[in-house]
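**Q** build the 3D model from these lines:
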Amino acid sequence: MCGIAGFIYKDAGKSVERSRLKKMIDAIAHRGPDAEGMFCEKNIALGHRRLSIIDLSEQGNQPMYSHDHRYVIVFNGEIYNYIEIKTELSKLGAVFTNQTDTEVIMEAYRYWGAKCVKRFNGMWAFCIYDREKSQLFFSRDRFAIKPLYFVDREDVIIFGSEAKAVIAGFPEENVPDSRMIYRFLWGTPEDRDEMSYYKNIKIFERASCMLYDLRQKKWRKGIYWDVDEEKFRKKWINRKNPVKVFRRLIEDAVKLRLRADVEVGACLSGGVDSSTIVGICSKKYGIRMHTFSSVYADMECNEKEYIDFVNQYNHTIPHLIYPEPKETDLIKAFQDIIYHHDGPNMGASLYSQYSVMKGVQGNVKIVLDGQGADELFGGYIPYYGYRIADILNENTISAKIKAIRMLSVIAVEWPDRLRYIQPDAVIHTIGADFYKKLKENYRGGSALTDRNYPLFTEAFLNSVDKGIAYSEKNISGILNTRLCKDVMRDSIPSLLHNEDGNSMAFSIESRVPFLDYRIVEFGLALDGRYKIRNEWTKWIIRKSCRKYLPKKVARRKDKMGFPAPFARWLRECGQKEEMKELIYAFGDRNIVPRETIDFYYRQHMNGEADRDVILYKFLVMELWLRTCNEKKLG
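**A** Numbers count the residues shown, from 1 in each chain. This next block holds a predicted model:
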């Protein structure tokens, strides 16, 4: 796990500046405090910051040369199955000089070319320079776990693990994108496509490779993995017991992610996902894990009861982090988070995760985390609506009875969340009048805005390009189609961006077993009845991994994750006046009407309604714009 950066002048006669590259890798020193390296040759500059995880010797430093010096690589990530690939390559005659997965990537590219990435199980962003052919090969992992920012100008190609690396070397790229400001405030996930918060800095597409020929000055691009439901079903589902298949897959995914020459810990929220990971490490592989958890005094944010169950059940080494900020720390923490995420972020819960990662630092270098399980296996309450719609499509009396039973569970367990049950097919179950009432509570956009107070000024709306097209990927079933979109487009990319930003801020590598590509393929092909059954979300995880879970965790129905009591902080914390000033200052930018900001702020502070979600967005957007040259807004 590391940080990479570089630039390539398209004019072969122009030499790169070593000082420029040094600025770029210095900007991401937090990603790799153990070593730094630079390769500068003619018009090629490749830089690296290293976090030592596998082969801790100097032989693991980058940029790394192949044994014959034909290839040079800078690589961020981990290839978990590198041992198996190395064995296969050795039989083909490959030469290895160290014990790293980095060298395995270069030799795999030598023997298999661009197709090598199809064999990798891991997370990665890398650039290989073929000095013999004068070609550059870029690739990013299937689900964009590891970041890669990219600029392709007429004169230069620029890349980096973070946008700040690009800006450090090329300050002219510090131009905020008004389209992203619109999307952020409206409630659209940040990383759905190639757009970053900077106008010209793009996000390298997931599951893709790009080859640049320096002699011909031409690009070749390819997608090496995509959703193929029929293929996934034949591979993982047909004539197999799904419960047993999933158990084997998650056990092996965790096993692979325990490969390291440093100690591995786990983030533990007390939910089913992270508890399953800790349980497998303990019960299956006999590891006494360090666990790291966020704990607040607020009952709506307190998971300590379940965290304690898991720690006691697995005899872990627990680390409880209490993120409650000191009187003058909160705004500084938000500024730090914005800096490490290269832009504003959707919710204050990132403060909790950020605090947990800060607590990890100095204890272990790697943590396992449960990202992906909810989106693959139906872990959120709104998914009930899509499952109910699937059941109603069976068009039988028994199906309708089953759907009514599921809705009654939601009404009893989570009555305040009924308004999130949206699919139109549910109308047939709950009645059109009741459904109309539900829709009246749903505002669209941020879901917490008031229709009488416009979110944007007319001037801003008239100036911004709102037309954003997304590719649609439909698979069998209403629930599975929704889950597929969340995994591939609407949710997971943003969550992974946050995971990387928070962990690498403290030089911590985060690994996500549920996003092993085999589990993703299995999950996308799995019928919805194995995901939501009666009152149980993520049924297959609870069923297949019950021996790894304390009963109270396996049978819990609520879900928190790493929440933060920002609603209370706005009203009570020692910096509430400073936060008010920042929120109202955002109203002077002619993006959101000042009267809209005033309405939400007064309503929240008077206790009429919790408006913490939208007020948080105003706050962090103002903080981010203050780090940019807003006069360059594009």
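**Q** show me where the stretch 101-250 of the chain has its helices.
**A** Secondary structure of the stretch 101-250 of the chain, counting by DSSP state H, counting those that start in this stretch: helices at 101-112, 163-169, 178-186, 229-236, 242-256.
**Q** helix or strand next in line after the longest one, which one?
**A** Yep, that's helix 242-256 we're talking about. Downstream of helix 242-256, the next assigned helix or strand under DSSP states H and E is strand 264-267.
**Q** parallel or antiparallel, list what pairs with that next one.
**A** Here strand 264-267 has these sheet partners by DSSP bridges: strand 290-294 (parallel), strand 366-368 (parallel).
**Q** could you export those strands as TSV, including mean neighbour count?
**A** Every C-beta, even on glycine, is put in place using the N, C-alpha and C of the backbone. Output for the strands paired with strand 264-267, formatted as TSV (neighbours: other Cβ atoms under 10 Å):
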stretch	mean neighbour count
strand 290-294	26
strand 366-368	25
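**Q** how about those strands, which one is nearest D68?
**A** Among these, the nearest to D68 by Cβ to Cβ is strand 366-368 (32.1 Å).
**Q** residues of stretch 382-399 that come out buried?
**A** Neighbour counts over stretch 382-399 (16 or more other Cβ atoms under 10 Å) mark Y383, Y384, G385, Y386, R387, I388, A389, D390, I391, L392, A399 as buried.
**Q** show me the contacts for the residue nearest to the last one when sequence neighbours are not counted.
**A** Same thing as A399. The spatial neighbour of A399 that comes closest, neighbours along the chain excluded (Cβ to Cβ, 6 or more residues apart in numbering), is I391 at 5.0 Å. Applying Cβ atoms under 8 Å, 6 or more residues apart in numbering, we find I391 in contact with A399, K402, A403, M406.
**Q** please apply the same query to L582.
**A** Contacts for L582 (Cβ under 8 Å, 6+ apart) come out as I331, F618, L619, E622, L623.
**Q** among the residues you listed, which are located in strands?
**A** Members of the contacts of L582 lying in strands (criterion: DSSP state E): none.
**Q** next, the contact list for E608, please.
**A** With Cβ under 8 Å, 6+ apart as the criterion, no residue contacts E608.
**Q** repeat that for E578.
**A** I331.
**Q** quick one: secondary structure of it?
**A** Following DSSP: H, G, I helix; E, B strand; the rest coil, E578 is assigned to helix.
**Q** one more: P318?
**A** Here P318 takes the strand state, with states given by three-state DSSP.
**Q** cool, and R49?
**A** strand.
**Q** same check on I4?
**A** strand.
**Q** burial of it, as a residue count?
**A** A count of nearby residues for I4, using other Cβ atoms under 10 Å, gives 31.
**Q** bridged to it, which residues?
**A** Assigned bridge partners for I4, using DSSP bridges, are H48.
**Q** quick one: contacts for it?
**A** Neighbouring residues of I4 by Cβ under 8 Å, 6+ apart: 46-49, 62, 74-76, 125-127, 148, 159-161.
**Q** 10 Å instead?
**A** Contact analysis of I4 by Cβ atoms under 10 Å, 6 or more residues apart in numbering lists 24-25, 28, 31-32, 46-49, 62-63, 73-77, 125-127, 146-148, 159-162, 165.
**Q** again, but for Y212
**A** Applying Cβ under 10 Å, 6+ apart to Y212 gives the contacts 8, 10, 127, 129, 134-138, 152, 157, 218-221.
**Q** show the buried residues in those residues.
**A** I8, C127, Y129, S134, Q135, L136, F137, F138, I157.
**Q** next, format the residues you listed as JSON lines and append distance to N502.
**A** Output for the buried ones among the contacts of Y212, formatted as JSON lines (distance: Cβ to Cβ, whole Å):
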{"residue": "I8", "distance to N502": "30"}
{"residue": "C127", "distance to N502": "25"}
{"residue": "Y129", "distance to N502": "31"}
{"residue": "S134", "distance to N502": "39"}
{"residue": "Q135", "distance to N502": "35"}
{"residue": "L136", "distance to N502": "30"}
{"residue": "F137", "distance to N502": "30"}
{"residue": "F138", "distance to N502": "25"}
{"residue": "I157", "distance to N502": "29"}
